[in-house]
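Visitor: okay, predicted coordinates and the sequence, questions at the end:
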Amino acid sequence: MTIARTVSLIGMPLGILAASQGFAATPSFSCAKAEGAAVKAVCSDDTLAALDRETARLYGLARASPDLSPQRKNELTAMQRGWIKGRDDCWKASDLKACIRDAYVIRIAELRAGYKGARAKGGVSIGPVPVTCPGSPAMNATFLNVEPSLAYLAGGDQSLVMTIARSGSGAKYTAQHPQGEAIFWQKGPEAIVQMPGGKEQSCRVGAPM
C-alpha cells in the first residue's frame with residue numbers, strides 16, 4: 001500500500017487488499033535442519049510458515065535499503081537476532097503456536113513501521129495504517145493476509161493481535177482478552193473499534209504509510 005493507491009483504498013477494507021498467495025509449510029529457512037519446538041512448529045504450519053517468509057522478506061528489504069546507515073544496519077541485525085531468540089523461547093509458552101504467531105505479527109509491524117525500505121514492495125503485509133478515534137491515543141493497524149487473516153492494532157499502552165471474523169460487510173477482526181473482547185471492524189475509511197473493557201468507538205482509518 002502506497003500513497004498512490006490511496007484513492008482506491010478509501011472505498012474498501014484495507015485488510016483485504018494484499019495479493020492472494022498460495023500457502024505451504026515452507027518457511028524462509030531449511031526445515032531439514034530444523035531444531036527446537038518453535039522452529040519445528042513453523043515447519044509444520046502453513047500460517048506460521050507464511051508469516052516467517054514475510055518477516056524474512058521485510059528484513060531483507062530493510063537491510064538492503066540505500067537509506068540505511070551502517071549503524072542502523074548493525075542495530076537491525078542485532079534486533080533480528082534477539083527477536084529470533086525470543087521466538088524460539090515460545091517453547092515455554094502454554095500455547096506454542098499462538099506465541100509464535102504473535103511474535104511474527106509484532107515483528108512484521110515493527111519492521112514496516114521502523115524501516116522505509118521494508119515498505120518498498122508489496123507482500124502479504126499492509127501498513128502501518130493510522131487509526132484515529134475521538135478522545136483516544138493515536139493508533140496504528142497492520143494487516144497480514146495469511147490464512148486466517150490477522151491484524152495488529154497498537155496504540156497508547158495497548159496492543160493486540162486480532163483474527164479475521166465473519167461479518168456481513170467490511171473486514172472484522174476480533175481478539176479475546178481477560179478484560180473482554182476487542183473488535184476492529186473496518187468499512188472503507190471508517191472503523192468501529194472496541195478495546196478490551198472499553199466501549200465501541202467510531203474511528204477514522206487513514207492512508208497507509
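Guide: Now that the structure is in, tell me what you want to look at.

Visitor: can you give me the neighbour number for the nearest residue to Arg87 once chain neighbours are set aside?
Guide: Spatially, and ignoring its direct neighbours in sequence, Arg87 is nearest to Ala103 (4.5 Å; CB to CB, 6 or more residues apart in numbering). Placement of C-beta: from N, CA and C, glycine included. By other CB atoms under 10 Å, 23 other residues sit near Ala103.

Visitor: can you find the helix or strand in this structure with the smallest mean pLDDT?
Guide: Lowest by mean pLDDT, DSSP states H and E among the helices and strands of the chain is helix 6-9, with a mean of 30.

Visitor: distance of Gly135 from Gln179?
Guide: The span separating Gly135 from Gln179 equals 19 Å under the rule CB to CB, to the nearest Å.

Visitor: nope, Glu54 is what I was after
Guide: 30 Å.

Visitor: the more surrounded of those two?
Guide: More neighbours surround Glu54 than the other of Glu54 and Gln179, with 25 against 11 (other CB under 10 Å).

Visitor: contact partners for the more buried one?
Guide: 104, 108, 123-125, 144, 146 (CB atoms under 8 Å, 6 or more residues apart in numbering).

Visitor: tell me the one of those nearest Ser202?
Guide: Relative to Ser202, the closest of those is Leu144; by CB to CB it sits at 24.6 Å.

Visitor: give me the neighbour count for that closest one.
Guide: Residues near Leu144, counting by other CB under 10 Å: 28.

Visitor: tell me the secondary structure for Asn74?
Guide: At Asn74 the chain is in helix, as set by DSSP: H, G, I helix; E, B strand; the rest coil.

Visitor: any low-confidence regions in this structure?
Guide: The model of the chain has pLDDT under 70 over residues 1-25.

Visitor: for it, which segments count as strands?
Guide: 125-132, 139-144, 150-155, 158-165, 171-175, 182-187, 190-194, 201-205 (DSSP state E).

Visitor: same for the fourth one, what does it pack against?
Guide: Just to be clear, that refers to strand 158-165. Here strand 158-165 touches helix 96-114, strand 150-155, strand 171-175, strand 182-187, going by 3 or more CB pairs under 8 Å, 6 or more residues apart in numbering; DSSP states H and E.

Visitor: tell me what Gln186 is bridged to.
Guide: Beta-bridge partners for Gln186, by DSSP bridges, are Ala171, Ala191.

Visitor: I should have written Ala141 there, sorry.
Guide: Val129, Leu153.

Visitor: all set now, cheers.
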